[in-house]
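A.B. asks: Sequence and computational prediction follow.
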There are 2 protein chains.
Amino acid sequence: MTVGPLTGGADFTGTAAEHVVTEVPTFRPEVSVGDARARMLGRHFDCACDIVVVDEDGRLQGLVSIERLLAADGAITVGELADHDPPTVTPGVDQEIAAWQAVQHAESSLAMVGPDGHFHGLIPPRRLLRVLLEEHDEDMARLGGYLQGSATARTAAEEPVRRRFAHRIPWLLLGLLGAMLSVGIVGSFEEQLAANVTLAFFLPGVVYMADAVGTQTEAVVVRGLSVGVSIRRLVRGEAITGLIIGAAMAVAFLPFALLFGDAQVALTASISLFAACSVASVLAMALPWLLNRLGQDPAFARDRWPRSYRTWCPSRCICSPR
Amino acid sequence: MTVGPLTGGADFTGTAAEHVVTEVPTFRPEVSVGDARARMLGRHFDCACDIVVVDEDGRLQGLVSIERLLAADGAITVGELADHDPPTVTPGVDQEIAAWQAVQHAESSLAMVGPDGHFHGLIPPRRLLRVLLEEHDEDMARLGGYLQGSATARTAAEEPVRRRFAHRIPWLLLGLLGAMLSVGIVGSFEEQLAANVTLAFFLPGVVYMADAVGTQTEAVVVRGLSVGVSIRRLVRGEAITGLIIGAAMAVAFLPFALLFGDAQVALTASISLFAACSVASVLAMALPWLLNRLGQDPAFARDRWPRSYRTWCPSRCICSPR
């Protein structure tokens, strides 16, 4: 199977073309195994873990792993030996989706072909490994809310305090703006709060739960986009899940809320919890989706913005007079 | 260099020994390249990307990549050709640290040696790739707060709503307990809140910021432990960073808080922000560290527990009479 240029927003990372090497053993299908092995001697390859079989027009016919080539009878042809349906990628495909393809097929290297089926080169295993590690660090930086300059696992864990601070403060300052907005929103409900201070009891819990639900969605969306799942599909699944989770939380919370307030206050708190949790799922996807539509890098949209939304939302929910 | 059995808590994942293959080309140093190439023909190897050079006692002497073996003059010995300081791991080493080693050295496969230097086998690139992908999904599940049953990126992004719900609800219910506790804590300060309802304005913002700071720490700690950084080192760096971030947030927030309350309320809000942010960093490490000390799996301690702590803490901070 071939993975085409991606849809669904993972184009914010490098492409597979950056990792391709072209000095690889390439043979026509009719070449015998013995011949192929002899012709490989004394030559410098960038990668010899897989042998590439191409037809006279340079179209990929299949791959033979070096292990199969070594084990085979020298008289048969490489065409007979080849896996004729190896996973392939086109040059524009996202590098992580490429690496993911290789893992799914338990392959060491990955063939790159043009849209016309012409063989371009191989992505060797050492590059695939590096891609997966880099993407891992990048995703953690996104979800954690720090700059990607510190995205290398060891760097982030071992860097001096001054640099830790510098890498984290930008998103936190944005978050602080969101927190300030939440102060204004709760403040606009001063009368209601003064009349019934019990409402305030529920504010931290509702904010916390909205954040927890939104973080789950973020993690799934970040990973889903990374491996090429379409945003449309993600949005639908997450929105419905958010609604159901919100309802479940509200039902579980209601009896407890009744211990602290009268029926009206308890119901307000539970409805707020429902609204906050279900809206959090959607808001956690909103900005990455928007920037994705505009062709921008969702890395800049990650985490702190949607989180800020989620802080304002519970404040508004719980303080609105029902 | 050899990486020994790990310290620092990354022992909650599989070990490198699970991924080792033993059917690999192995030669004594004095064997010629031509001889080695001839002897590899017709044999079935699990992995032939690297050729292993061992001495008469079975101790690892070095590795030769298949590309080097093919390109070399047949008359020289494999001992002359070998990289004599390849990255190696011992059987008990964490699988992700092993994969990380390979990437750092731009190697395709990784040699496993016993504590006495005896060669055990190779971890082939296709296994290293799978390990990295699995660990990535696992880390995202931890940080996102859902069960690892849905940890495969595509599964999590594409599974039906019923299963999404089932994978996420356990940690959310634990989180809900934390939220309930926060209600009780804020509730115990009813008098102070009734006397000065302005205090309530700041609750969502402080909870939100504590969560944001704690999530940054969590992301760094999860990744740091994964690649073998010691918890001691992590705690120190994160605790100091948390203090400095808390102070910065409090200073930035104070002028804004003065818009809403008198000097005493504004100072209370800022001190709460400082306390919540700096404590959040420490609490985000507390339970994983504790369970790590007890030899338990930190995967179960991740995210929702420390987050619950972080919810209670801001509630207590902001409502305490100064």
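C.D. replies: Arrived safely. Numbering: from 1, shown residues only, chains lettered A, B, ... in the order given.
A.B. asks: Only C-alpha atoms from now on, for both contacts and neighbour counts.
C.D. replies: Will do.
A.B. asks: Past the helix-or-strand element of chain A with minimal mean pLDDT, which element shows up next along the chain?
C.D. replies: Lowest on mean pLDDT, DSSP states H and E among the helices and strands of chain A sits strand A:2-3, with a mean of 40. As assigned by DSSP states H and E, the chain's next helix or strand after strand A:2-3 is strand A:26-27.
A.B. asks: List the contacts of that following strand.
C.D. replies: Residues from elsewhere that reach strand A:26-27 (Cα atoms under 8 Å, 6 or more residues apart in numbering or on different chains): A:Ala36, A:Ile51, A:Val52, A:Val53, A:Val54, A:Val78.
A.B. asks: and the closest residue to A:Val213 other than its chain neighbours, how many neighbours?
C.D. replies: Excluding the flanking residues, the one nearest A:Val213 by Cα to Cα, 6 or more residues apart in numbering or on different chains is A:Cys277, at 6.0 Å. Using other Cα atoms under 10 Å in any protein chain shown, A:Cys277 is surrounded by 33 other residues.
A.B. asks: Please point out which parts of the one helix or strand A:Cys277 maps to sit buried.
C.D. replies: If you go by DSSP H and E, A:Cys277 is part of helix A:263-293. Buried residues in helix A:263-293, defined by neighbour count with 16 or more other Cα atoms under 10 Å in any protein chain shown: A:265-289, A:291-292.
A.B. asks: ditto for stretch A:105-119
C.D. replies: Quick answer for stretch A:105-119 (16+ other Cα under 10 Å): A:Glu107, A:Ser108, A:Ser109, A:Leu110, A:Ala111, A:Met112, A:Val113, A:Gly114, A:Gly117, A:His118, A:Phe119.
A.B. asks: Spell out which parts of the stretch 201-322 of chain A neighbour chain B.
C.D. replies: Residues of the stretch 201-322 of chain A lying close to chain B by Cα under 8 Å from any Cα of the partner chain are A:201-209, A:211-213, A:215-221, A:223-224, A:227, A:229, A:233-234, A:237-238, A:240-241, A:244-245, A:249, A:253, A:256, A:260, A:304, A:311, A:315.
A.B. asks: show me where chain A has strands.
C.D. replies: A:2-3, A:26-27, A:50-54, A:60-65, A:88-89, A:110-113, A:119-123 (DSSP state E).
A.B. asks: can you list the ones you listed in CSV and add distance to B:Asn196?
C.D. replies: What follows is those, written out as CSV (distance: least, Cα to Cα, whole Å):
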stretch, distance to B:Asn196
strand A:2-3, 61
strand A:26-27, 79
strand A:50-54, 73
strand A:60-65, 74
strand A:88-89, 63
strand A:110-113, 65
strand A:119-123, 64
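A.B. asks: So which of the ones you listed is the most surrounded?
C.D. replies: Compared across the strands of chain A, strand A:88-89 shows the largest average neighbour count, a mean of 28 (mean count of other Cα atoms under 10 Å in any protein chain shown).
A.B. asks: so how far is it off the chain centroid?
C.D. replies: Relative to its chain's centre, strand A:88-89 lies at 20 Å (Cα atoms, centre = their mean, to the nearest Å).
A.B. asks: Tell me if that strand is near chain B.
C.D. replies: No. With Cα under 8 Å from any Cα as the criterion, chain B is not reached by strand A:88-89; the gap is at least 15.6 Å.
A.B. asks: That strand pairs with which strands?
C.D. replies: strand A:2-3 (parallel), strand A:110-113 (parallel) (DSSP bridges).
A.B. asks: hey, where'd the helices end up in the stretch 51-200 of chain A?
C.D. replies: With DSSP state H, counting those that start in this stretch, the ranges of helices along the stretch 51-200 of chain A come out as A:66-71, A:78-81, A:95-104, A:125-144, A:153-158, A:161-187, A:190-195, A:198-201.
A.B. asks: hmm, back to that, as CSV, the buried residues of stretch A:105-119 with pLDDT would be great.
C.D. replies: Putting the buried residues of stretch A:105-119 into CSV (pLDDT from 0 to 100) gives the following:
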residue, pLDDT
A:Glu107, 77
A:Ser108, 81
A:Ser109, 86
A:Leu110, 88
A:Ala111, 91
A:Met112, 91
A:Val113, 92
A:Gly114, 91
A:Gly117, 88
A:His118, 93
A:Phe119, 94
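A.B. asks: so which of those would you say is closest to chain B?
C.D. replies: A:Ser108 (4.9 Å; Cα to the nearest Cα).
A.B. asks: Centre of chain A to the edge, which residue is at the far end?
C.D. replies: A:Ala75 (46.6 Å; Cα atoms, centre = their mean).
A.B. asks: Angles on the backbone of it, please.
C.D. replies: Dihedral angles of A:Ala75 (phi, psi; degrees, to the nearest 10) stand at phi -90, psi -20.
A.B. asks: Hmm, A:Val227 is touching A:Val103, no?
C.D. replies: No. Checked against Cα atoms under 8 Å, the pair A:Val227 and A:Val103 is beyond contact range at 11.6 Å.
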